[in-house]
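**Q** A structural model of the following input is requested.
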Amino acid sequence: MPANVVVIAHPLVQHKLTHLRQKERSTNSFRRLLAEISILLAYEVTRDLPLTFETIETPSTKMQSPVIDGKKVVIINILRAGTVMAEGMLQILPSARVGHIGVYRDPETLGAVEYYFKMPREMAGRDVIVVDPMLATGNSAIAAVDRINAAKPRSIKFVCVVAAPEGIANFHETHPSVPIYTAAVDERLDEGGFIVPGMGDAGDRLFGTK
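**A** Predicted coordinates:
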């Protein structure tokens, strides 16, 4: 496995990924499964988040107890397919702020074209989790992280469900210090830049479009 790539092999993650890959899944089922797997991925991605302590009162006494400073976490949704992943992660990180980057892949050049960018203010010092179901060519992820880096967050992690070896290599050639968290590293890209075996076009399967 390439350096700085974390494959989350938890049985529940792998079980749900198998169902996501199945072509007969309905739009509703695919959307629900992606949200569920995103919650599970969030547990692993946030494993090393720093804790702070606050005073609480239990039924018997006061104590200093650890909490995550959720306001320092920013989930950045690469539109449009990252939307459901962001919604899933917000179920366990409800205080996180959310940024949006609209990027589409040019069908001829496979290059990334940005059409929307909206981030929370004061990104410096925040921990960023970038979400997109697929890391195929890596061009969209590179473009997104390029823009995020300019805001100087404390850390950036990229989270996807399925990655291609070509996309990993391309992404880490530009951003070697940004870890990739994924449920699977698949075989390859096909001639159209899609992941094989993959799970199809995640955006189309999520929203019932073609």
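
**Q** switch to C-alpha atoms for all contacts and neighbour counts from now on
**A** Fine.

**Q** Quick check, central residue of this protein?
**A** Geometric centre of the chain, nearest residue: residue 131, 2.2 Å, by Cα atoms, centre = their mean.

**Q** For that residue, grab phi and psi.
**A** Residue 131 adopts backbone torsions of phi -120, psi 140, taken as degrees, to the nearest 10.

**Q** go on, residue 144?
**A** Taking degrees, to the nearest 10 as the convention, residue 144 sits at phi -60, psi -50.

**Q** pretty sure it is touching residue 104, no?
**A** No: contact criterion Cα atoms under 8 Å: residue 144 and residue 104 do not qualify, at 10.9 Å.

**Q** To what extent is residue 75 buried, counted in neighbours?
**A** 26 (other Cα atoms under 10 Å).

**Q** before we move on, back to that, out of residue 144 and residue 104, name the residue with the larger neighbour count.
**A** Taking neighbours as other Cα under 10 Å, residue 144 and residue 104 compare with residue 144 leading, 21 against 17.

**Q** Low-confidence stretches in the protein?
**A** 70-71 (pLDDT under 70).

**Q** Counting by contacts, list what the strand ranked longest in the chain packs against.
**A** The single longest strand within the chain, with elements called by DSSP state E, is strand 97-105. In terms of contacts (3 or more Cα pairs under 8 Å, 6 or more residues apart in numbering; DSSP states H and E), strand 97-105 is packed against strand 73-79, strand 112-118, helix 139-149.

**Q** do that again at 7 Å, thanks
**A** For strand 97-105, the contact count by 3 or more Cα pairs under 7 Å, 6 or more residues apart in numbering; DSSP states H and E identifies strand 73-79, strand 112-118 as packing neighbours.

**Q** Ok, which of those comes nearest residue 187?
**A** strand 112-118 (22.4 Å; Cα to Cα).

**Q** quick one: strands adjacent to the closest one?
**A** strand 97-105 (antiparallel) (DSSP bridges).

**Q** one step back: in the longest strand of the chain, which of the residues would be classed as buried?
**A** 97-104 (16 or more other Cα atoms under 10 Å).
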